[in-house]
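Novice: the following comprises the amino acid sequence and a computationally predicted model.
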Amino acid sequence: MNQRIQKIDNEIERTKAKIAELQALLPELERKKTEMENNEVLRLLRSANIAPGEVAAFVESIKNNRPDSRTNNLSAAASIHRPAPADAIVTGDTPAARQEVIKNDEE
């Protein structure tokens, strides 16, 4: 067989072996990621002193206070993330700038 063809065949076999190895590794990595995310959520809930019985109510309140991507309801988001008027950006009168002024006044 032509050496170049043999070389390509060998590369194909190595690639297939590597793909199989990575496919076997993927479910374990996904399981570890999910476990770490779950632990992070638990840590955050515990640090906020949320009792296990209050978790469902807490999650429900979060759902009710954000836009519903399924219906494209942006009313909640609009009240939270209002863009600064164009003239405010030119003059530097933005919410962040006002917060900085308030912070400096308190010091």
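Specialist: Received the coordinates, thanks.
Novice: which stretches of the chain have low pLDDT?
Specialist: Filtered on pLDDT under 70, the chain yields the residue ranges 67-107.
Novice: break it into its domains for me.
Specialist: According to automatic domain parsing, the chain is divided into the following domains: 1-51, 66-107.
Novice: tell me the secondary structure at Val55.
Specialist: Under DSSP: H, G, I helix; E, B strand; the rest coil, Val55 falls in the helix class.
Novice: contacting residues around it?
Specialist: The contact partners of Val55, taken as Cβ atoms under 8 Å, 6 or more residues apart in numbering, are Leu45. No exception for glycine: its C-beta is placed from N, CA and C like everyone else's.
Novice: let's see 6 Å
Specialist: When the contact criterion is Cβ atoms under 6 Å, 6 or more residues apart in numbering, Val55 has no partners at all.
Novice: then Gly53?
Specialist: Going by Cβ under 6 Å, 6+ apart, Gly53 touches no other residue.
Novice: roughly how far apart are it and Leu45?
Specialist: For Gly53, the distance to Leu45 equals 12 Å [Cβ to Cβ, to the nearest Å].
Novice: now do Glu13
Specialist: With distances defined as Cβ to Cβ, the gap from Glu13 to Leu45 amounts to 49 Å.
Novice: neighbour-wise, which of the two wins?
Specialist: Neighbour comparison, Glu13 and Leu45: the larger count goes to Leu45, with 16 against 10 (by other Cβ atoms under 10 Å).
Novice: host element of that one?
Specialist: Using DSSP states H and E, Leu45 sits within helix 3-47.
Novice: how many other residues sit next to Lys33?
Specialist: Counted by other Cβ under 10 Å, the residues lying close to Lys33 total 10.
Novice: what of Lys7?
Specialist: Lys7 has 10 neighbours, counted by other Cβ under 10 Å.
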